[in-house]
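Colleague: Mind folding the following:
(2 chains, ligands or ions: 6)
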Amino acid sequence: MTALLDIRGLTTEFRVNGRWHAAIQDVDLSLAANETLAVVGESGSGKSVTALSTLRLLPQAGARIGRGEILFEGRDLAKLSERQMAKVRGNDIAMIFQEPMTSLNPTMTVGDQIAEVLMIHRGMSHGAALNEARDLLDEVRVPDPARRVTEYPHQFSGGMRQRAMIAIALACRPKVLLADEPTTALDVTVQHQVLTLLDDLKRERGMGVIFITHNLGVVAQIADRVAVMYAGEIVETADCTRLFANPAHPYTEALLRAMPRVDRRADTLEPIPGSVPSITGRPAGCYFAPRCGYARPECGHHPVLGPISGAGGSDHQARCILRAKAEEAA
Amino acid sequence: MTGLKVESLKKHFTIGGGFLGGKARTVRAVENVSLSVALGSCVGLVGESGCGKSTASRAILRLEEPTAGRVTFDGIDVASASPAQMRRLRQRMQFIFQDPYASLNSRRSIRKTLEEPLKVHGIGDPAERRDRAEAILSEVGLPQDAMDRFPHEFSGGQRQRIGIARALVLEPDLVVADEPVSALDVSVQAQILRLLDDLRDKRTLSFLFVSHDLGVIRHFCDTTCVMYLGHVVESGPTQEIMDDPAHPYTVLLRQSSPIPDPANRVDPPRIAGEIPSPANPPSGCPFHTRCPRAFAECRESMPAAKEIAPGRQVACHLF
Ligand SMILES: Nc1ncnc2c1ncn2[C@@H]1O[C@H](COP(=O)(O)OP(=O)(O)OP(=O)(O)O)[C@@H](O)[C@H]1O
Ligand SMILES: Nc1ncnc2c1ncn2[C@@H]1O[C@H](COP(=O)(O)OP(=O)(O)OP(=O)(O)O)[C@@H](O)[C@H]1O
Ligand code: SF4
Ligand code: SF4
Ligand SMILES: [Mg+2]
Ligand SMILES: [Mg+2]
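Modeller: Residues are numbered from 1 along each chain as shown, chains lettered A, B, ... in the order given. Ligands and ions are numbered 1, 2, ... in the order given. From the prediction side, this is the model:
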């Protein structure tokens, strides 16, 4: 499978109290067409920073990409000029942001907001763009699109606003969609509708989707592949079925045990002690060690992300000395 | 009967009219809620945003005046209790709020936060109050040096522990908890649920536990009440409701709740439409505008709650 988007060794730093600290570190991600890659982890693990770095939407001051390549169709996005990058953002890679309420303009009709994107990026006339906006609202299953296209965001429910955001992101037929917690603020029945919609659109258009969430239940419903993040690093990656059947990293395992499940009696709920370290307070050695039930003296060396023992032919990797493949030691 | 009993609770709001002009409209936030919480048990109230969970729990504790209905605690009618009875009831029934950020007074030290309720209720002398505050602080798993610090110095999970300590310092019999873990990460959520489990085992505490997460409800509650648009549409033993939901809305809620198991991807009926507004509720069954099984009668008449198994009530014309 050839990658559509290939992120290699991406490291993004923020300046805190005069010193640069890595928020994400050596992140490797690759995404194929017609694939949904879920990025999952607790608050502060670096999911949004990864997405914002990919599109180079970091704050202008106090933030920088320290290292790494963001390869998209053979070009390294990290090296493009701001003008070239603006073109990529509009046409090739689109993003749905974490806060839908703040990303829509309250003073413009939803139809005009979609049309504006089409006029700028696809050079359409206002009339043609409005027609296309209506079709897009229909495509994202907003009921009664002919009427809705003339309404303002406050006239939309939360679920419909999120669908309007998806319509704007899809307006230029992007090849890659970065969706940052697109369903977190929604009720479960509406969440399910939006997940189904994204899955249908991925298939119909052959898009690559990076789906960011903190909810492992949602990951299981939508992902083809999964990357688990902790404290700015990828700690495990595998295809979705494998990850849930055989979690290899102690953090992944702990996340699964901490989640109360609706489908079984949960006498086994096990909290993870402590909390995610801040970017200025990461421990030496394995970042998860202070919370890890398996920690031992060797964990004082920072582990690398590598193939695990017993993965068979699958591409299953973890960042943990316990699971490192034996051949390296041999 | 001992414990809490709520019968046909209603809470309406009037919006518009008056100075602000416009036509006055009635928001039927809580239309018909009946439930009981026996001593030592834990009842869950679950439903989607805007269905009236918070309004119902506030009206039960009379943080807001109910429009109609009866609430009794150990047989005492909360609406007609004497001032002395009411003061005692206020001590025995406590509230835990969803937002650990907004619910604590930012200018009050943790010590003051915990001693204040004791003072208000005239419990103990200063030395006893200090002892009780210190005991409850360690019971919720916070170090004693937290006492003289302020809420902003704590993480979300720690603040929620402080909110729990504040509710428990009066040694209540009933705690009404409105989404106490919804704002927290899974790992911290599990820490707080474990804490509540322990506290419940150690004391004789009853809970009315509000959540929109069926997984959390399944973990914590013996009995579950499902709400839709101001009505309790189904209630019964939690395990039965989760494993074999009866009301079409409960079925939808259950099937839409994500399960961390890719082998179990479900495709619930693709229902159209959004939850109607409680300012303009549909006729007949409140769920008929979205129900995949609706038939003619559903538009005309409101189904009454019916017992379909011991302790199991469903309000739907199919039963
Ligand atoms: N502008 C900034 N300056 C300094 N630190 C930052 C900045 N933006 C993010 N961070 C830090 O980078 C880390 C990763 O943040 P990020 O927003 O990517 O987390 P996340 O995984 O998206 O979390 P959430 O689930 O809460 O959205 C956090 O520790 C955060 O505090
Ligand atoms: N003071 C008020 N004035 C007018 N309407 C109100 C008031 N308080 C609540 N409502 C309305 O009553 C309905 C029920 O609200 P409530 O907050 O009880 O829902 P909820 O189930 O707790 O939702 P959530 O899950 O979002 O917390 C909503 O439509 C809300 O807008
Ligand atoms: S390297 Fe050590 S501390 Fe880190 S996850 Fe593995 S066992 Fe735990
Ligand atoms: S009464 Fe009718 S509309 Fe209401 S839940 Fe039952 S079948 Fe559906
Ligand atoms: Mg984020
Ligand atoms: Mg509420």
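Colleague: is stretch A:312-322 up against ligand 3 anywhere?
Modeller: Yes: contact between stretch A:312-322 and ligand 3, assessed by CB under 6 Å from any ligand atom, occurs at A:320-322. From N, CA and C alone the C-beta is placed, and that goes for glycine too.
Colleague: And the buried ones among those, selectable in ChimeraX?
Modeller: ChimeraX command restricting the residues of stretch A:312-322 next to ligand 3 to the buried ones, with burial defined by 16 or more other CB atoms under 10 Å in any protein chain shown:
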select /A:320,321,322
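Colleague: Confidence-wise, which of the residues of stretch A:312-322 next to ligand 3 comes last?
Modeller: The pLDDT minimum for the residues of stretch A:312-322 next to ligand 3 sits at residue A:322, where the score is 90.
Colleague: Taking chain A, what residue is nearest to chain B?
Modeller: The nearest approach of chain A to chain B comes at residue A:217, 3.0 Å away (CB to the nearest CB).
Colleague: How many residues are close by that residue?
Modeller: Per other CB atoms under 10 Å in any protein chain shown, the neighbour tally for residue A:217 reads 20.
Colleague: ok, it to residue A:47 distance?
Modeller: The gap separating residue A:217 from residue A:47 is 16 Å, by CB to CB, to the nearest Å.
Colleague: One more: residue A:88?
Modeller: Separation of residue A:88 from residue A:47 (CB to CB): 21 Å.
Colleague: what's the closest residue to residue B:93 other than its chain neighbours in contact with, if anything?
Modeller: Distance criterion CB to CB, 6 or more residues apart in numbering or on different chains; nearest residue to residue B:93, sequence neighbours excluded, is residue B:174 at 4.7 Å. Going by CB atoms under 8 Å, 6 or more residues apart in numbering or on different chains, residue B:174 touches B:3-4, B:37, B:73, B:92-94, B:205-208.
Colleague: same thing with residue B:132?
Modeller: B:114, B:118, B:123-124, B:169.
Colleague: Pull up the per-residue confidence for it.
Modeller: Taking residue B:132 on its own, its pLDDT is 93.
Colleague: That one: which element?
Modeller: helix B:126-139 (DSSP states H and E).
Colleague: next one: the helix or strand that that helix is followed by to chain centre, how far?
Modeller: Counting by DSSP H and E, the next helix or strand C-terminal to helix B:126-139 is helix B:156-168. Helix B:156-168 sits 16 Å away from the centroid of its parent chain (CA atoms, centre = their mean, to the nearest Å).
Colleague: What strands line up against the next helix or strand after helix B:156-168, and which way round?
Modeller: Remark: after helix B:156-168, the chain's next helix or strand is strand B:174-178, criterion DSSP H and E. As defined by DSSP bridges, the strand partners of strand B:174-178 come to strand B:93-96 (parallel), strand B:206-211 (parallel).
Colleague: what does the first one contact?
Modeller: By that I understand strand B:93-96. For strand B:93-96, using CB under 8 Å, 6+ apart, the contacting residues are B:4, B:57, B:61, B:63, B:73, B:160, B:163-164, B:167-168, B:170, B:172-178, B:180.
Colleague: what does the stretch 1-150 of chain B have sitting close to ligand 2?
Modeller: So the stretch 1-150 of chain B meets ligand 2 at B:13, B:15, B:27, B:29, B:47, B:49-55 (CB under 6 Å from any ligand atom).
Colleague: just checking, what packs against the strand or helix carrying residue A:210?
Modeller: Secondary structure from DSSP H and E places residue A:210 in strand A:208-213. When contacts are defined as 3 or more CB pairs under 8 Å, 6 or more residues apart in numbering or on different chains; DSSP states H and E, strand A:208-213 packs onto strand A:19-31, strand A:35-40, helix A:47-54, strand A:176-180, helix A:188-205, helix A:216-222.
Colleague: That one pairs with which strands, parallel or anti?
Modeller: Per DSSP bridges, strand A:208-213 is paired in its sheet with strand A:35-40 (parallel), strand A:176-180 (parallel).
Colleague: Out of those, which is closest to residue B:302?
Modeller: strand A:176-180 (40.1 Å; CB to CB).
Colleague: From the chain's centre, how far out is that closest one? Work that out for me.
Modeller: Distance, centroid of strand A:176-180 to centroid of chain: 6 Å (CA atoms, centre = their mean).
Colleague: Report whether it contacts ligand 1.
Modeller: No: Strand A:176-180 does not reach ligand 1 (CB under 6 Å from any ligand atom); its nearest approach is 7.2 Å.
Colleague: residues making contact with that strand?
Modeller: With CB under 8 Å, 6+ apart, strand A:176-180 has contacts from A:4-5, A:31, A:47-48, A:51, A:54-55, A:72, A:92-98, A:169-170, A:198, A:202, A:207-212.
Colleague: show me what contacts residue A:222?
Modeller: Here residue A:222 is in contact with A:36, A:38, A:195, A:198-199, A:211 (CB under 8 Å, 6+ apart).
Colleague: Closest to ligand 4 out of those?
Modeller: residue A:195 (23.9 Å; CB to the nearest ligand atom).
Colleague: how deep is the closest residue to residue B:185 other than its chain neighbours tucked in, by neighbour count?
Modeller: The spatially closest residue to residue B:185, leaving aside those adjacent along the chain, is residue A:42, at 4.5 Å (CB to CB, 6+ apart). Residues contacting residue A:42 under the criterion other CB under 10 Å number 21.
Colleague: wait, doesn't residue A:42 sit right on residue A:288?
Modeller: No: assessed by CB atoms under 8 Å, residue A:42 is found out of contact with residue A:288, at 11.3 Å.
Colleague: Overlap of the contact sets of those two?
Modeller: residue A:230.
Colleague: Just name the shakiest helix or strand of chain A by mean pLDDT.
Modeller: Using mean pLDDT, DSSP states H and E, the weakest-scoring helix or strand in chain A turns out to be helix A:326-329, at a mean of 50.
Colleague: Please give me every residue in contact with the closest residue to ligand 3 within the stretch 151-300 of chain B.
Modeller: Ranked by CB to the nearest ligand atom, the top residue of the stretch 151-300 of chain B for proximity to ligand 3 is residue B:187, at 14.4 Å. Counting by CB under 8 Å, 6+ apart, residue B:187 makes contact with A:42, A:254-255, A:258, A:271-272, A:275.
Colleague: just curious, which of the residues you listed is nearest to residue A:107?
Modeller: Nearest to residue A:107 among these, with distances taken as CB to CB, is residue A:42, at 35.9 Å.
Colleague: On the three-state scheme, the closest one is what?
Modeller: In three-state terms, and counting by DSSP: H, G, I helix; E, B strand; the rest coil, residue A:42 is coil.
Colleague: That one: what's it in contact with?
Modeller: A:214, A:230, A:255, A:276, B:185-187.
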